[in-house]
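Asks: after the sequence you'll find the predicted model.
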Amino acid sequence: MEVIERVSIIRGRMEALRCSGKRIGFVPTMGALHEGHLQLLRASVQENDVTVCSIFVNPTQFNNPEDYKMYPRTMEQDAELLRSVGCDILFAPHAEEIYVQQSLLQFSFGPLEAVMEGEHRPGHFNGVATIVGKLFHYVQPHRAYFGQKDLQQVAIVKQLVQGLSYDVEVVRYPTIREADGLAMSSRNKRLDAEQRQTATILYSALQLARQQLPEKPTYSIKAAVEAYLTGAYGVALEYFEIADPNTLQPLAQVRPGQEVALCIAAHVGPVRLIDNILVNLNEV
Ligand SMILES: Nc1ncnc2c1ncn2[C@@H]1O[C@H](COP(=O)(O)OP(=O)(O)OP(=O)(O)O)[C@@H](O)[C@H]1O
Ligand SMILES: CC(C)(CO)[C@@H](O)C(=O)[O-]
Ligand code: BAL
């Protein structure tokens, strides 16, 4: 595996690969890799000629400085894992080169960024769009792989690709979970043993909501989830939403046959976690 840190070098390398007709798959990450990332990488290795993974803890998407400071960084172990799944190029740039001066770019994603992660993490999606836009320029992928765990992020990236006419296919890959249902996430590394146990409550809250979907109105399901989390020790619910899986807008009612996204964000101890499941109302 080739490790590239400089923007000028990745640009030249990718230009040459593109010109030689290679299909390029790209998995952008912030590192501290786990099985969820590795599944995205395996899919890319299987479906493309060359796979690039980027590792960059992007400062502009963090609305909370403490979260940025504490974000797990495990570069050497990450490089080993990338080799084990057959990744061809690791792009690990430095912030000084990505942000030569303070970024003043402003994106607007309309209603999509007014809800959930957009509402609760001011500036977050502006930072995501800025870095993903830059990375797409450097790497020039044919396909880019993103996890369903960050469902709203996938919708933002699709809107970015459409709005700026990038010639990139955005692939959404299902969420990989631990045996007890907890969605794999780099931030899980920050949980102590007790918090790790408690964190399974996000997935059980989603399952509770799923069971109630066919019979109960959405307001009553939301109240049940709120009550469930309020009763639990060491957890603070930030939001639970029943939303359209593409627009991410909250749904006041659901119809038979409709696909809905159940989305949750909660703090477990000092760590903020998110999760979601997609439910087809015909299959509940
Ligand atoms: N459990 C998972 N299953 C599938 N994809 C995942 C999973 N976790 C993360 N991803 C995807 O991997 C990519 C990189 O994510 P990132 O590096 O932020 O890791 P993360 O585990 O989501 O960390 P955190 O949520 O703590 O920031 C994103 O597209 C993300 O959606
Ligand atoms: C897409 C991404 C790598 C941009 O920094 C990040 O938001 C992530 O890891 O999901
Ligand atoms: N995994 C999404 C990136 C973030 O939480 O900042």
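Replies: Here it is on my side, so go on. Residues are numbered from 1 along each chain as shown. Ligands and ions are numbered 1, 2, ... in the order given.
Asks: could you pull out the strands for the protein?
Replies: Along the chain, the segments classed as strands by DSSP state E run 2-4, 24-29, 50-55, 89-91, 143-147, 169-173, 235-243, 259-268, 271-280.
Asks: show me which residues of the chain sit near ligand 2.
Replies: Residues of the chain lying close to ligand 2 by CB under 6 Å from any ligand atom are Pro28, Thr29, Met30, Asn58, Gln61, Val128, Ile131, Val132, Asp150, Gln153. C-beta: built from backbone N, CA, C; applies to glycine.
Asks: quick revisit: now the strands of the chain in a markdown table, with mean neighbour count and mean pLDDT?
Replies: Shown next, in a markdown table, are the strands of the chain (neighbours: other CB atoms under 10 Å; pLDDT from 0 to 100):
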| stretch | mean neighbour count | mean pLDDT |
| --- | --- | --- |
| strand 2-4 | 15 | 98 |
| strand 24-29 | 26 | 98 |
| strand 50-55 | 26 | 98 |
| strand 89-91 | 22 | 98 |
| strand 143-147 | 23 | 98 |
| strand 169-173 | 17 | 98 |
| strand 235-243 | 19 | 98 |
| strand 259-268 | 21 | 98 |
| strand 271-280 | 20 | 97 |
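Asks: those strands: which one's closest to Gln249?
Replies: strand 235-243 (6.1 Å; CB to CB).
Asks: what sits up against the closest one?
Replies: 115-116, 119-120, 198, 201, 205, 209, 213, 218, 221-222, 225-226, 229-230, 249-251, 254, 260-268, 272 (CB atoms under 8 Å, 6 or more residues apart in numbering).
Asks: hmm, that strand in reach of ligand 1?
Replies: No - judged by CB under 6 Å from any ligand atom, strand 235-243 makes no contact with ligand 1; its nearest approach is 13.9 Å.
Asks: got a pLDDT number for Pro256?
Replies: pLDDT for Pro256: 87.
Asks: next, count neighbours for it.
Replies: Counted with other CB atoms under 10 Å, the neighbours of Pro256 add up to 8.
Asks: distance of it from Leu278?
Replies: In this structure, Pro256 and Leu278 are 16 Å apart, going by CB to CB, to the nearest Å.
Asks: repeat that for Ala144.
Replies: On the measure of CB to CB, Ala144 and Leu278 end up 20 Å apart.
Asks: who's in contact with the closest residue to Phe56 other than its chain neighbours?
Replies: The shortest distance from Phe56 to any non-neighbouring residue, by CB to CB, 6 or more residues apart in numbering, is to Pro93 (5.7 Å). Residues counted as contacts of Pro93 (CB under 8 Å, 6+ apart) are Glu5, Arg6, Val7, Ile10, Ser54, Phe56.
Asks: which residues touch the fourth one?
Replies: It stands for Ile10. Neighbouring residues of Ile10 by CB under 8 Å, 6+ apart: Ile4, Val52, Ile89, Phe91, Pro93, Tyr138, Val139.
Asks: how about 6 Å then?
Replies: Listed by CB atoms under 6 Å, 6 or more residues apart in numbering, the contact partners of Ile10 are Ile4, Phe91, Tyr138.
Asks: again, but for the fifth one
Replies: With contacts defined as CB under 6 Å, 6+ apart, Ser54 is in contact with Pro28, Phe91, Leu135.
Asks: again, 7 Å this time
Replies: By CB atoms under 7 Å, 6 or more residues apart in numbering, the contact set of Ser54 is Pro28, Thr29, Phe91, Leu135.
Asks: to what extent is the last one buried, counted in neighbours?
Replies: If I follow you right, that is Leu135. 22.
Asks: now swap in Gly181 and tell me
Replies: Counted with other CB under 10 Å, Gly181 comes out at 16.
Asks: thought it was touching Leu202?
Replies: No - under the criterion of CB atoms under 7 Å, Gly181 is not in contact with Leu202, lying 8.4 Å apart.
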